[in-house]
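Undergrad: quick one, structure for this:
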Amino acid sequence: MCLIVVATKLCQPFDDIERHPTDDADPTIVKIDWAKWGEVMAEEEVVGIRRGEEVRVTDEDVFGMSEVEMDGYLDWFQRTWVDDRPAKSKLTF
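TA: Purely as a prediction, here's the structure:
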């Protein structure tokens, strides 16, 4: 995580110093709109389980979930743990 922060800061510094790229492949050509990024990353009001809390759900929690919470949890579970790709092995059990 620290590496991502350092790399982002080096490529997209928060100061207002104008830096000129040396060629068209220079990654500093791309300017990040930090205000827009902040809007996108802002936590929305969550109905159900908060993002990142899914991994802490226990079997007891599942029995007390509402329909919306259960849908959100199962959607997260499918995105995270279920692999729909065909098996690499040709062995069948």
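Undergrad: then the helix-or-strand element of the chain with minimal mean pLDDT to PDB, C-alphas only?
TA: Lowest by mean pLDDT, DSSP states H and E among the helices and strands of the chain is helix 2-11, with a mean of 79. C-alpha atoms of helix 2-11 as PDB (Å, rounded to 0.1, in the frame of the first residue of the first chain):
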ATOM      1  CA  CYS A   2       2.800   2.400   0.900                       C
ATOM      2  CA  LEU A   3       4.400   1.800  -2.500                       C
ATOM      3  CA  ILE A   4       1.200   2.800  -4.300                       C
ATOM      4  CA  VAL A   5       1.000   6.000  -2.200                       C
ATOM      5  CA  VAL A   6       4.700   6.900  -2.900                       C
ATOM      6  CA  ALA A   7       4.300   6.100  -6.600                       C
ATOM      7  CA  THR A   8       1.200   8.200  -6.900                       C
ATOM      8  CA  LYS A   9       2.800  11.100  -5.100                       C
ATOM      9  CA  LEU A  10       5.900  11.000  -7.300                       C
ATOM     10  CA  CYS A  11       3.800  10.900 -10.500                       C
END
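Undergrad: next structured bit after it?
TA: Downstream of helix 2-11, the next assigned helix or strand under DSSP states H and E is helix 34-41.
Undergrad: which residues touch the next helix or strand after that following helix?
TA: Following helix 34-41 in sequence order, the next helix or strand is helix 59-63 (DSSP H and E). The contact list for helix 59-63 (CB atoms under 8 Å, 6 or more residues apart in numbering) reads 70, 73. Where C-beta positions appear, they are placed from N, C-alpha and C, glycine not excepted.
Undergrad: what mean pLDDT does helix 59-63 have?
TA: Per-residue pLDDT over helix 59-63 has a mean of 89.
Undergrad: and that helix, C-alpha only, in PDB?
TA: Extracted in PDB, the C-alpha atoms of helix 59-63 (Å, rounded to 0.1, in the frame of the first residue of the first chain):
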ATOM      1  CA  ASP A  59     -22.600 -17.400  10.700                       C
ATOM      2  CA  GLU A  60     -24.600 -15.800  13.500                       C
ATOM      3  CA  ASP A  61     -24.600 -12.400  11.700                       C
ATOM      4  CA  VAL A  62     -26.100 -14.100   8.600                       C
ATOM      5  CA  PHE A  63     -29.300 -15.100  10.500                       C
END
